[in-house]
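Enquirer: just a sequence and a predicted model for now, questions to come.
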Amino acid sequence: MKDVPLSNDVIAGRVADMSCNILDQIVQEIKDSPIRISLQLDESTDASNMSQLIVYTQYIKDGEIKDEFLFCEALQMTMKAADIFQLLDEFFEKHQIKWEKVGSVCTDGAPAMIGNRSGFAALLKDRVPDLIVKHCVLHRHALVAKTLPPHHKEVMSICVQYQSNFDEKFEDETFILSLSYLEDIFSHLNDLNLSMKGMFASNTVGTEKVEAFKKKLSLWKRRIQGGSVGSFPILEEKLGDKTISPMLVENIVAHLLHLDTTMAKYFPKDHKFPEWIQQPFLADMSDADNLKEELIDLQVNQGCQTKFRILPVSGFWCDQLVAYLELARTALEMIIPFPTTCLC
């Protein structure tokens with residue numbers, strides 16, 4: 001061990017060699033993926049105030065969906081869409097990855113990323129016309145959560161800014177009850193946020209969670225209008241045996257309606273997974289188009305039925321890439337897009 005050189009230059013060189021080797025493996029796995037890959041990218045600023053572009057990728061490897069860090073490069077000049085695209089284009093050209101290999105991209109939704117005319121997504125669609133562009137569900141969730149009607153915005157402002165009359169406000173019952181409601185509703189929103197990220201996050205899960213939350217908003221509104229605060233435990237505790245006031249009911253209903261409107265704005269029903277992807281043995285074939293013959297063969301295959309019961313949806317379709325190539329490829333290209341940019 002004493003004879004092994006351990007100078008800074010030697011260690012740095014070995015780290016660089018290992019990094020290059022890992023990147024070469026990832027690039028080869030991307031090229032070998034049986035379906036088109038998904039990209040997740042975001043800009044960030046480091047400690048030296050230099051803008052960095054961070055990119056992750058998701059693809060199929062050995063019958064599993066795999067996500068990997070692809071690269072992090074400095075944006076030397078500006079953070080415009082053209083600069084972002086150029087950096088990614090240069091990486092693809094250097095590693096001989098064809099743009100046709102990209103099927104989807106997920107960004108934070110900034111104008112530079114998803115602008116219709118000159119955004120990064122628009123430039124990418126010039127190369128890949130059928131590209132799926134995803135606006136990160138967590139960024140959309142944040143836009144929903146921060147919108148407050150005037151009354152609750154004032155309550156939040158007093159708490160955040162710690163105004164001079166802050167102590168007096170805690171003797172105001174209306175203020176305390178409004179603050180309690182905000183604690184409850186933000187707790188519900190936080191639960192929604194947590195349910196849409198993590199290792200099991202997917203577009204199907206995100207869509208289901210959002211639709212469930214929309215229905216809960218309607219339920220909570222009806223309950224509040226009926227004088228029930230059971231869905232808001234902190235508010236219920238503060239109220240005790242008292243009846244909720246008409247003014248507080250009005251303010252809470254106004255906020256729930258506001259949330260419902262913004263949820264519809266940022267989470268429109270513009271994309272629905274074909275039923276056969278999630279329930280291949282129960283769904284009809286009306287939305288299977290030219291894949292109906294393969295779907296029929298799959299539905300009568302008892303071995304596939306057994307696998308579907310024990311595998312996650314993504315794992316099941318990965319398992320079908322040999323026997324039902326086109327059917328599995330179509331399903332996976334709708335499953336594989338990143339739902340969030342949380343890795344970046």
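Expert: Nice, thanks for sending it over.

Enquirer: how about the strands in this protein?
Expert: 37-45, 51-61, 64-74, 102-107, 132-135 (DSSP state E).

Enquirer: in its sheet, what does the second one sit against?
Expert: Looking back up the chat, that one is strand 51-61. strand 37-45 (antiparallel), strand 64-74 (antiparallel) (DSSP bridges).

Enquirer: looking at these, which is buried most?
Expert: Of all these, strand 37-45 carries the top mean neighbour count, a mean of 20, counting by mean count of other CB atoms under 10 Å. The way it works is simple: take the backbone N, C-alpha and C, and place the C-beta from them, glycine included.

Enquirer: let me know the average pLDDT across that one.
Expert: The average pLDDT for strand 37-45 rounds to 88.

Enquirer: report the angle between it and strand 102-107.
Expert: Orientation check (axes from the mean of the first three to the mean of the last three CA atoms, to 10 degrees): strand 37-45 against strand 102-107 gives 30 degrees.

Enquirer: CSV for the strands paired with strand 51-61, including distance to residue 187?
Expert: Converted to CSV, the strands paired with strand 51-61 look like this (distance: least, CB to CB, whole Å):
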stretch, distance to residue 187
strand 37-45, 27
strand 64-74, 30
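
Enquirer: out of the strands of the chain, the one nearest residue 12 is which?
Expert: strand 64-74 (17.2 Å; CB to CB).

Enquirer: could you check how far that closest one is from the centre of its chain?
Expert: What separates the centre of strand 64-74 from the centre of its chain is 16 Å, taken as CA atoms, centre = their mean, to the nearest Å.

Enquirer: got the strands of the chain as CSV, with distance to residue 24 columns?
Expert: Below are the strands of the chain laid out as CSV (distance: least, CB to CB, whole Å):
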stretch, distance to residue 24
strand 37-45, 16
strand 51-61, 14
strand 64-74, 12
strand 102-107, 19
strand 132-135, 27
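
Enquirer: so which of those gets nearest residue 22?
Expert: Short answer: strand 64-74, nearest of the strands of the chain by CB to CB, at 8.7 Å.

Enquirer: any idea of the mean pLDDT in that closest one?
Expert: Mean predicted lDDT for strand 64-74 stands at 91.

Enquirer: show the pLDDT at residue 116.
Expert: 61.

Enquirer: circling back: select, out of the strands of the chain, the one closest to residue 308.
Expert: strand 64-74 (16.4 Å).

Enquirer: so where's the chain uncertain?
Expert: 1-6, 78, 112, 114-118, 162-167, 199-200, 270-272, 287, 344 (pLDDT under 70).

Enquirer: now do the buried residues in the longest helix along the chain.
Expert: In the chain, assigned by DSSP state H, the helix with the most residues is helix 8-32. For helix 8-32, the neighbour count (16 or more other CB atoms under 10 Å) marks 23, 26-27, 29-30 as buried.

Enquirer: again, but for stretch 205-213
Expert: 205-207, 209-210, 213.

Enquirer: quick revisit: out of the strands paired with strand 51-61, the one nearest residue 82 is which?
Expert: Taking those one by one with CB to CB, strand 37-45 is closest: 13.5 Å.

Enquirer: quick check: angle from that closest one to helix 8-32?
Expert: Going by the same axes, to 10 degrees, strand 37-45 makes 140 degrees with helix 8-32.

Enquirer: C-alpha coordinates for strand 37-45, PDB please?
Expert: Coordinates of each C-alpha in strand 37-45 appear next as PDB, following Å, rounded to 0.1, in the frame of the first residue of the first chain:
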ATOM      1  CA  ILE A  37     -36.000   7.700 -22.900                       C
ATOM      2  CA  SER A  38     -37.300  10.400 -20.600                       C
ATOM      3  CA  LEU A  39     -35.300  13.500 -19.500                       C
ATOM      4  CA  GLN A  40     -35.700  15.600 -16.400                       C
ATOM      5  CA  LEU A  41     -33.800  18.900 -16.300                       C
ATOM      6  CA  ASP A  42     -33.600  22.000 -14.300                       C
ATOM      7  CA  GLU A  43     -31.200  25.000 -13.800                       C
ATOM      8  CA  SER A  44     -29.600  25.700 -10.500                       C
ATOM      9  CA  THR A  45     -27.100  28.300  -9.200                       C
END
